[in-house]
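Enquirer: please work out how this folds:
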Amino acid sequence: MSHLSHIEVETSGVYFFGGKGHTVSSSMLSYDAKRLKELWNTSSDLFLESQVWNTSTSVSNCVS
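Expert: The predicted model follows:
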């Protein structure tokens, strides 16, 4: 794995659209810090709830 120890990643903040090198800039809403935090918190809560649900259903399936 030593050949993968140094991988350079380039980010541009540009979305590629429709092939042939066409790009689109992100919308202004995507830079709204308040909405970003709200989206992150909601997504995190949903993920955690799904993990709890999966864990509880796995346990109940083992007990049955």
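Enquirer: which pLDDT value does the model give Phe16?
Expert: Per-residue confidence at Phe16 stands at 77 (pLDDT).
Enquirer: correct me if wrong: it contacts Ser25.
Expert: No. Shown here, Phe16 and Ser25 do not form a contact pair, counting by Cβ atoms under 8 Å, at 11.6 Å. Heads up, the C-betas are built off the backbone N, CA and C, glycines and all.
Enquirer: next, Val14: phi, psi?
Expert: Backbone geometry at Val14, expressed as degrees, to the nearest 10, gives phi -110, psi 140.
Enquirer: ditto for Phe17
Expert: phi -130, psi 120.
Enquirer: which residue sits closest to it, ignoring its sequence neighbours?
Expert: What sits nearest to Phe17 in space, not counting adjacent residues and going by Cβ to Cβ, 6 or more residues apart in numbering, is Val24, at 4.5 Å.
Enquirer: what residues does the strand or helix carrying the one you found touch?
Expert: Here Val24, judged by DSSP states H and E, is contained in strand 23-25. For strand 23-25, contacts defined as Cβ atoms under 8 Å, 6 or more residues apart in numbering pick out 13-17.
Enquirer: tell me the one among those residues nearest to Thr55.
Expert: Here the nearest of the contacts of strand 23-25 to Thr55, counting by Cβ to Cβ, is Tyr15; it sits at 35.7 Å.
Enquirer: pLDDT averaged over whatever helix or strand Leu39 lives in - what is it?
Expert: Leu39 belongs to helix 33-63 when elements are defined using DSSP H and E. What helix 33-63 shows for mean pLDDT is 83.
Enquirer: number of nearby residues for Leu29?
Expert: 8 (other Cβ atoms under 10 Å).
Enquirer: what's it sitting at in phi/psi?
Expert: phi -60, psi -30.
Enquirer: can you report how many residues lie near the residue nearest to it when sequence neighbours are not counted?
Expert: Nearest residue to Leu29, sequence neighbours excluded (Cβ to Cβ, 6+ apart): Arg35, at 6.4 Å. Number of residues near Arg35 (other Cβ under 10 Å) recorded here: 11.
Enquirer: and what of the one 10 residues further on?
Expert: Asp45 is flanked by 10 other residues according to other Cβ under 10 Å.
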